[in-house]
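K.L.:
this one's structure only:
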């Protein structure tokens with residue numbers, strides 16, 4: 001049975017996928033957070049070690065299995081993939097339950113390592129689930145509702161990340177030493193996700209004849225070439241990878257900032273603050289989907305980027321005020337939704353159907369590479385900050401105590417070291433006790449969202465990433481204790497560092513001022529990605545300006561986008577005879593478009609700012625019948641330059657007969673080997689629900705199949721008219737036109 005994409009979000013398959021992927025995202029983060037706290041509570045890892053290890057465990061499968069994940073998503077039904085991986089989620093939750101039980105009830109270290117292994121398993125689950133999830137969206141929803149569907153998808157994805165992170169932390173505190181109940185809850189949620197996955201209708205395989213690759217690296221390389229050579233796909237993948245890059249970079253920045261607070265933020269509090277970005281995305285994404293209308297609205301991307309830049313700068317200058325910082329992070333997330341939704345929709349819409357899952361899996365590989373690059377860049381910037389004097393070395397007093405630990409180090413329930421007892425080498429000396437101290441509240445330790453007492457005295461192990469599997473210091477180890485004092489905004493805090501006697505004393509840096517500069521660096525990098533995106537689509541700001549001007553005026557929808565090539569020079573033969581029509585075609589096309597418009601003087605609209613911006617972006621307007629020789633020279637120069645760089649050139653052909661225009665098109669097709677695609681742009685009148693006239697103008701931009709070189713210009717004009725008649729009749733019948741089959745124009749005589 002052929003399954004047609006739905007023309008509305010009110011369908012069972014879409015909401016089944018949304019709920020199933022929400023529960024998957026929730027379980028991802030809940031397992032991530034609870035596994036980290038469980039490992040800390042069981043003394044398997046310190047907090048610093050856990051923070052370093054968790055992202056590696058979760059994201060490594062995205063790179064390792066990207067080729068296999070893409071193959072399975074295209075070779076078999078995406079519905080089957082979604083259901084199988086939801087079933088695997090139940091198995092992973094059962095492993096977590098077993099690990100929690102062994103660790104909490106039987107105090108077995110094996111239990112903690114089992115729980116940690118589920119983080120890798122859930123990363124594997126996500127690596128295989130994501131290509132099926134994102135690849136299924138264009139098969140579930142028609143193109144004109146895909147942006148709105150993606151807005152809801154991204155919103156629920158990030159809300160799942162927030163709630164999963166919060167729930168993982170809260171459950172870890174509530175079920176301390178009874179963590180098997182966390183496992184039971186995760187199993188229940190996984191089973192619920194399986195039920196919702198069966199609401200998704202069976203989708204046929206996109207490429208059932210595809211063979212498993214003998215060389216796992218070749219498909220990855222081939223996909224990278226496809227993504228880089230297709231201008232729309234390169235635009236989307238570059239933008240998405242930068243967003244993942246920034247999430248990793250800002251998380252590291254916020255962790256450094258949290259470590260300089262008094263009291264220090266633990267991983268849970270840091271995750272909560274960082275999760276406010278996801279809250280903003282949850283608000284901005286559905287709005288971006290709604291405002292996109294019936295197309296991929298790339299005009300939202302520069303708007304989102306500018307909003308992210310301003311909000312990041314605001315975060316930099318309000319970083320010492322936590323409430324203002326959180327507000328800035330929410331705004332960053334809000335505009336990130338405007339930035340992300342069009343790019344994800346563009347990737348889904350323009351990726352070839354037979355390899356959609358494969359390309360999305362490769363995009364995930366690029367995203368992981370971006371996350372790794374963010375960590376490396378963060379390290380480089382921290383070192384640069386030290387060389388530049390932004391962070392200074394704190395003087396230390398060494399050999400405060402030299403001897404042997406005579407007790408097991410004591411930790412609080414958050415995994416922080418709070419007490420060590422050292423017996424000096426001189427046996428006659430009394431043991432020295434180092435105890436963490438706080439001033440302020442007394443009694444029970446506050447809950448995560450409550451204000452904590454200010455720290456007065458802190459104890460730390462001097463460990464690093466290479467000691468993750470070493471188990472840390474223990475009773476009987478010979479140690480050296482050093483001391484330094486750090487002045488914060490509230491108090492001076494005394495820090496004691498405990499290290500192995502064989503380890504040298506390492507420098508300590510005052511990082512309190514560095515996060516501000518790192519946020520400013522994030523704003524500068526966002527400006528950089530905007531500049532790169534502008535190279536891919538130089539008319540970004542024109543699209544943004546026209547989108548703002550069109551709000552409440554037009555309901556614009558693109559039809560037949562599959563007929564528009566994703567690479568190479570293309571000439572669009574349009575019926576446009578005034579500026580607004582031309583900009584409507586431009587806003588639907590997902591590639592840079594130079595325009596030679598023969599404008600009807602009777603329809604010429606007064607829009608000086610819009611015209612000035614359009615002219616700067618390669619939009620030439622000539623009044624029909626009054627065009628001079630120098631005008632055609634300018635038009636030919638513009639068109640040749642655009643086609644030489646593999647862009648689109650749109651021309652007026654259907655509205656006015658112009659021998660000069662026909663000669664120019666014929667010469668360009670011959671010289672630049674450009675395809676000629678007919679485009680109709682015009683208003684339609686779909687039936688209204690109450691029988692009253694529509695309050696806004698409904699406009700459709702229809703792309704036909706490329707015209708053969710043997711066709712005459714009269715036949716091209718007939719094709720454009722035929723596309724207009726078809727879409728008008730289709731809309732009047734109440735049938736939503738979909739990009740499945742656009743009728744051809746009259747055959748050449």
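P.N.:
Yep, that arrived. Please read these numbers as outputs of a predicted model, since none were measured by experiment.
K.L.:
Pretty sure residue 648 sits against residue 573.
P.N.:
No: applying Cβ atoms under 8 Å, one finds residue 648 not in contact with residue 573, separated by 11.4 Å. All C-beta atoms are positioned from the backbone trio N, CA, C, and that covers glycine.
K.L.:
In contact with residue 153, which residues are there?
P.N.:
Residues near residue 153 by Cβ atoms under 8 Å, 6 or more residues apart in numbering: 18, 21, 133, 134, 137, 285, 344.
K.L.:
what about the helix or strand hosting it, average pLDDT?
P.N.:
Applying DSSP states H and E as the criterion places residue 153 in helix 143-174. Helix 143-174 carries an average pLDDT of 82.
K.L.:
Can you spell out which helices and strands pack onto whichever helix or strand comes after that helix?
P.N.:
Proceeding N to C from helix 143-174, the next assigned helix or strand is helix 180-197, under DSSP H and E. Judged by 3 or more Cβ pairs under 8 Å, 6 or more residues apart in numbering; DSSP states H and E, the packing partners of helix 180-197 are helix 12-41, helix 78-105, helix 143-174.
K.L.:
and with 10 Å instead?
P.N.:
Judged by 3 or more Cβ pairs under 10 Å, 6 or more residues apart in numbering; DSSP states H and E, helix 180-197 is in contact with helix 12-41, helix 78-105, helix 109-140, helix 143-174.
K.L.:
buried ones in the helix holding residue 153?
P.N.:
143-172 (16 or more other Cβ atoms under 10 Å).
K.L.:
Equivalent analysis for stretch 537-553, please.
P.N.:
So, applying 16+ other Cβ under 10 Å, buried residues of stretch 537-553: 537, 538, 539, 540, 541, 542, 543, 544, 545, 546, 547, 550.
K.L.:
just those residues now: which is nearest residue 230?
P.N.:
Using Cβ to Cβ, residue 537 comes nearest to residue 230 of these, at 13.0 Å.
K.L.:
what's near enough to touch the closest residue to the closest one other than its chain neighbours?
P.N.:
Excluding the flanking residues, the one nearest residue 537 by Cβ to Cβ, 6 or more residues apart in numbering is residue 592, at 5.3 Å. Contacts for residue 592 (Cβ atoms under 10 Å, 6 or more residues apart in numbering) come out as 231, 235, 534-540, 586, 617-618, 642, 645-648.
K.L.:
any idea how far residue 592 lies from residue 617?
P.N.:
Residue 592 sits 9 Å away from residue 617, going by Cβ to Cβ, to the nearest Å.
K.L.:
can you list residues touching both of the two?
P.N.:
538, 539, 540, 586.
K.L.:
looking at it, the first one is touching residue 647, isn't it?
P.N.:
Same thing as residue 538. Yes: the criterion here is Cβ atoms under 10 Å, and residue 538 meets it with residue 647 at 8.6 Å.
K.L.:
shared neighbours of the two, which are they?
P.N.:
592, 593, 594, 618.
K.L.:
okay but residue 194 is in contact with residue 20, surely?
P.N.:
Yes: between residue 194 and residue 20 a contact is recorded at 8.0 Å, counting by Cβ under 10 Å.
K.L.:
And these two? Which one has more around it.
P.N.:
Shown here are residue 194 and residue 20; by other Cβ atoms under 10 Å, residue 20 has more neighbours (26 against 19).
K.L.:
What separation is there between that one and residue 138?
P.N.:
From residue 20 to residue 138 the distance is 18 Å (Cβ to Cβ).
K.L.:
Same check on residue 386?
P.N.:
Distance from residue 386 to residue 138, by Cβ to Cβ: 48 Å.
K.L.:
what's the nearest residue to residue 316 once chain neighbours are set aside in contact with, if anything?
P.N.:
Using Cβ to Cβ, 6+ apart and skipping residues adjacent in sequence, the residue nearest residue 316 is residue 519, 3.6 Å away. For residue 519, the contact set (Cβ under 10 Å, 6+ apart) comprises 249-250, 253-254, 257, 311-319, 325, 328, 332.
K.L.:
Please pick the buried ones from these.
P.N.:
Here, 16+ other Cβ under 10 Å leaves 249-250, 253-254, 257, 311-316, 318-319, 325, 328, 332 buried among the contacts of residue 519.
K.L.:
Name the helix or strand of this structure that has the lowest mean pLDDT.
P.N.:
helix 47-64 (a mean of 78; mean pLDDT, DSSP states H and E).
K.L.:
and after that one, which helix or strand comes next?
P.N.:
helix 66-75.
K.L.:
Where does residue 531 fall, secondary structure wise?
P.N.:
Counting by DSSP H and E, residue 531 is found in helix 514-536.
K.L.:
what does residue 390 give?
P.N.:
Here residue 390 is assigned to no helix or strand, by DSSP H and E.
K.L.:
Need the pLDDT of it.
P.N.:
At residue 390, pLDDT is 87.
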